[in-house]
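A.B. asks: Pasted the sequence and its predicted model underneath.
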Amino acid sequence: MNRLSRNDSSLLAEWWFTIDRVLLAVILALAAAGLVLSLAASPAVAVKKGFSPYHFVERQVVFVAIAVTALFVVSMLGPRNIRRLALLLFAGMIAAMIAVLIAGEEINGARRWLRFAGFSLQPSEFAKPAFVVISAWGLAEARERRDMPGLAIAVAAFVVLAAVLAQQPDVGQTLLVTLVWAAMLMMAGQPIAWVVGLAGVSVAGLGAAYLMLPYVRLRIDRFFSQAPGDNSQAERALQSFIEGGFFGRGPGEGTIKSVLPDAHTDFIFAVVAEEYGVLACLALLALFGFIVVRTFVRTLDEPDLFVRLCATGLVMMLGLQALINMAVNVGLVPPKGITLPFVSAGGSSTVAVGIAFGMVLALGRRRPRLLASRGRIAAAGELNQGRLVR
């Protein structure tokens, strides 16, 4: 096999020499860690549900393979094709989310899944990264082109997604989308009054959810009134950190996964704490932190506002999702049904995260043509400055 050369003009060579290989390696390490941790958390849940011990592990291997493939394919796209993909994905997933409201299966008072041919799909997971791309494009256009209704497009995307999520209802995802959109508004230079108004609407929405949705009220009431020994999911998850200590009880030695119904999804972080210890949890936190910080630093000198908003918005969404999941596991916030990206088991979440990371890698590529054009612009500026001095 011939080695790739910088003089090679093939798509693969251009991708390899322009991609952030350090960030790619860390993301792949996170996916591999997710598979190992799924092996620890899933068998007990599978047996309890009447499946073979490695039912969820085998499914997760397939999902991760699909997600990594999607990551590589999407990372080869340019910004224009990223926007096109996001538009198609957003339109398709909003339609699917409306279909969920009509024909989706109701579980614990919420409709979030479409089931067909033995498979299930959670459209909101795919709608989130597409929403960030569309919002970034709209906000960038609003700053750079006054003849385009960019701000109206960004507002419409947020209103549509938040409204459909609220109808499911999915309070956790609605809150996540709102936080990310508020941050993007500030980064785009929109008036602070927009963010303040959005915060007020969010507080009102949470109050309405508490009053109108029994499961939300139950979770919040139990969170603020729980006492030691009440045996709730949050209390059990927190206990796993105490029992695991710094180094854990050892792979397969944990007991929390046999008593928590969502040990392989929402509470996998607690399983990690009990079996591998707090140090392993800190290592996971460091992986997410590195991905977020590296993306932020890499986009600091990016002149394209859309690329800057989109890349930072995507990693902010993934980072906040990870923080919320971890906060639930350590008892800082009430349970919200939000997964840990690339670690929690689940097809929709895993594949959607793969697409999102692929978009981040694609937008962070250092393309030779772009760099050359920047060099020509800089050279022209220096030449003009020299003429003025003379």
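C.D. replies: That came through fine.
A.B. asks: Low-confidence regions, the protein specifically.
C.D. replies: Flagging of the chain using pLDDT under 70 yields the residue ranges 1-2, 4-9, 108-109, 117-118, 226-232, 367-390.
A.B. asks: Going by residue numbers, what spans are strands in it?
C.D. replies: Chain-ordered strands for the chain, with DSSP state E as the definition, fall at 105-107, 110-116, 119-121.
A.B. asks: Just give the nearest non-adjacent residue to residue 302, would you?
C.D. replies: The shortest distance from residue 302 to any residue that is not its chain neighbour, by CB to CB, 6 or more residues apart in numbering, is 4.6 Å, and that residue is residue 308. For glycine as for every other residue, the C-beta is placed from the backbone atoms N, C-alpha and C.
A.B. asks: right, so the strands of the chain: which one is the most enclosed?
C.D. replies: A comparison of the strands of the chain by mean neighbour count, using mean count of other CB atoms under 10 Å, puts strand 110-116 on top with a mean of 17.
A.B. asks: now stretch 254-267, how far from the centre of its chain.
C.D. replies: Relative to its parent chain, stretch 254-267 has a centroid offset of 22 Å by CA atoms, centre = their mean, to the nearest Å.
A.B. asks: which residues sit against that stretch?
C.D. replies: 38, 40-42, 44-45, 48, 56, 233, 236-237, 239-240, 243-244, 248, 270-271, 274-275, 325, 328-329, 335, 337-339, 344-346 (CB atoms under 8 Å, 6 or more residues apart in numbering).
A.B. asks: Only alpha carbons, please: show stretch 24-43 as PDB.
C.D. replies: Extracted as PDB, the C-alpha positions of stretch 24-43 are listed here (Å, rounded to 0.1, in the frame of the first residue of the first chain):
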ATOM      1  CA  LEU A  24      -9.900  12.500  15.800                       C
ATOM      2  CA  ALA A  25      -7.800  10.100  17.900                       C
ATOM      3  CA  VAL A  26      -9.400  11.400  21.100                       C
ATOM      4  CA  ILE A  27     -12.900  11.000  19.700                       C
ATOM      5  CA  LEU A  28     -12.100   7.400  18.600                       C
ATOM      6  CA  ALA A  29     -10.700   6.700  22.100                       C
ATOM      7  CA  LEU A  30     -14.000   7.900  23.600                       C
ATOM      8  CA  ALA A  31     -15.900   5.600  21.300                       C
ATOM      9  CA  ALA A  32     -13.700   2.600  22.200                       C
ATOM     10  CA  ALA A  33     -14.100   3.400  25.900                       C
ATOM     11  CA  GLY A  34     -17.800   3.500  25.400                       C
ATOM     12  CA  LEU A  35     -17.700  -0.100  24.100                       C
ATOM     13  CA  VAL A  36     -15.600  -1.300  27.000                       C
ATOM     14  CA  LEU A  37     -17.900   0.300  29.500                       C
ATOM     15  CA  SER A  38     -21.000  -1.100  27.700                       C
ATOM     16  CA  LEU A  39     -19.500  -4.500  28.300                       C
ATOM     17  CA  ALA A  40     -19.500  -3.800  32.000                       C
ATOM     18  CA  ALA A  41     -23.000  -2.300  32.300                       C
ATOM     19  CA  SER A  42     -25.200  -4.000  29.800                       C
ATOM     20  CA  PRO A  43     -25.200  -7.800  30.600                       C
END
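A.B. asks: Could I get the buried residue list for that stretch?
C.D. replies: In terms of neighbour count (16 or more other CB atoms under 10 Å), stretch 24-43 has its buried residues at 24, 26-27, 30-31, 33-35, 37-43.
A.B. asks: So which of these belong to helices?
C.D. replies: The helices, defined by DSSP state H, take in 24, 26-27, 30-31, 33-35, 37-43 from the buried residues of stretch 24-43.
A.B. asks: before we move on, back to that, can you count the residues close to the residue nearest to residue 302?
C.D. replies: Under the neighbour criterion other CB atoms under 10 Å, residue 308 is assigned a count of 21.
A.B. asks: quick one, what contacts it?
C.D. replies: For residue 308, the set of contacting residues under the criterion of CB under 8 Å, 6+ apart consists of 187, 299, 302.
A.B. asks: for residue 218, same thing?
C.D. replies: Residues near residue 218 by CB under 8 Å, 6+ apart: none.
A.B. asks: how much space is there between it and residue 329?
C.D. replies: Plainly put, residue 218 is 19 Å away from residue 329 if you go by CB to CB, to the nearest Å.
A.B. asks: What ranges does the stretch 201-350 of the chain have for its helices?
C.D. replies: Per DSSP state H, counting those that start in this stretch, the stretch 201-350 of the chain carries helices over the ranges 214-225, 233-244, 268-276, 278-298, 305-329, 347-363.
A.B. asks: May I have the last one exported as PDB, CA atoms only?
C.D. replies: What it means is helix 347-363. Extracted in PDB, the C-alpha atoms of helix 347-363 (Å, rounded to 0.1, in the frame of the first residue of the first chain):
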ATOM      1  CA  GLY A 347     -28.600   3.400  18.500                       C
ATOM      2  CA  SER A 348     -30.100   6.800  17.800                       C
ATOM      3  CA  SER A 349     -27.900   8.600  20.300                       C
ATOM      4  CA  THR A 350     -24.700   6.900  19.200                       C
ATOM      5  CA  VAL A 351     -25.200   7.400  15.500                       C
ATOM      6  CA  ALA A 352     -26.300  11.000  16.000                       C
ATOM      7  CA  VAL A 353     -23.200  11.700  18.100                       C
ATOM      8  CA  GLY A 354     -21.100  10.200  15.300                       C
ATOM      9  CA  ILE A 355     -22.600  12.600  12.800                       C
ATOM     10  CA  ALA A 356     -22.100  15.600  15.100                       C
ATOM     11  CA  PHE A 357     -18.500  14.700  15.700                       C
ATOM     12  CA  GLY A 358     -18.000  14.300  12.000                       C
ATOM     13  CA  MET A 359     -19.400  17.800  11.400                       C
ATOM     14  CA  VAL A 360     -17.000  19.200  14.100                       C
ATOM     15  CA  LEU A 361     -14.000  17.500  12.400                       C
ATOM     16  CA  ALA A 362     -15.100  18.700   8.900                       C
ATOM     17  CA  LEU A 363     -15.500  22.300  10.000                       C
END
